[in-house]
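K.L.:
Sequence unavailable; structure follows:
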């Protein structure tokens, strides 16, 4: 029963938090490829990437090919930027809520028709935590370490649910404000139309009276 409960919990964590992602993409000499992920503030992000030539051959026989990489925050702040690298790593803690975008392009000349394959591993939240360091520092292992991971997972779920509830409340408040503004705009438009209609009727009445038509 405990084993089943543990399996269900980890399954729930995997569904709610796709915290570790391994992505492959192909680059050509004429463009760049980007990937993005929506994150809230105060989330730890770790990642690394490497580039391989499409046919795994190069002049030096390594199969690696230089690329350029740039990672920006939702507000356009550069968090990581590298030129002429075959592999690198990045690590940061988010300070803004929104989509964080990483873009890659081929560096320098590259034969047309050839592709460069880029592998990216992107880890966030509890997947980015160094559990080996935690185990060494607190001198825990085995079942106790797994329980600590489960506790961190439960806390992550709780924080995620609170974040979703807060976001839902923000959307509801925005919707209510928008509805209120639309209502006031409609009332104001109706009032202006009534005033203009009365002014037109009054003007026409005075005009006809002046011309002695009525």
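P.N.:
That came through fine. All values derive from a computational prediction rather than experimental measurement.
K.L.:
Which helix runs longest in this structure?
P.N.:
Identified as the longest helix of the chain according to DSSP state H is helix 143-210.
K.L.:
Quick one: mean pLDDT over that helix.
P.N.:
Mean per-residue pLDDT for helix 143-210: 87.
K.L.:
So which elements touch it?
P.N.:
Contact partners of helix 143-210 among helices and strands, from 3 or more C-beta pairs under 8 Å, 6 or more residues apart in numbering; DSSP states H and E: helix 2-16, helix 131-138. Quick note: C-beta positions are derived from backbone N, CA and C, even for glycine.
K.L.:
And the residue nearest the centre of this structure?
P.N.:
The centroid of the chain falls nearest to residue 38 when counting by C-alpha atoms, centre = their mean (1.6 Å).
K.L.:
SS state for it?
P.N.:
At residue 38 the chain is in strand, as set by DSSP: H, G, I helix; E, B strand; the rest coil.
K.L.:
before we move on, what about the one 10 residues further on?
P.N.:
Classification of residue 48 into helix, strand or coil gives strand, according to three-state DSSP.
K.L.:
what do you get for residue 88?
P.N.:
Classification of residue 88 by three-state DSSP places it in strand.
K.L.:
Which strand residues bridge it?
P.N.:
Beta bridges link residue 88 to residue 49, judged by DSSP bridges.
K.L.:
That one reaches residue 70, doesn't it?
P.N.:
No. Applying C-beta atoms under 8 Å, one finds residue 88 not in contact with residue 70, separated by 11.3 Å.
K.L.:
shared neighbours, the two?
P.N.:
80, 82 (C-beta atoms under 8 Å, 6 or more residues apart in numbering).
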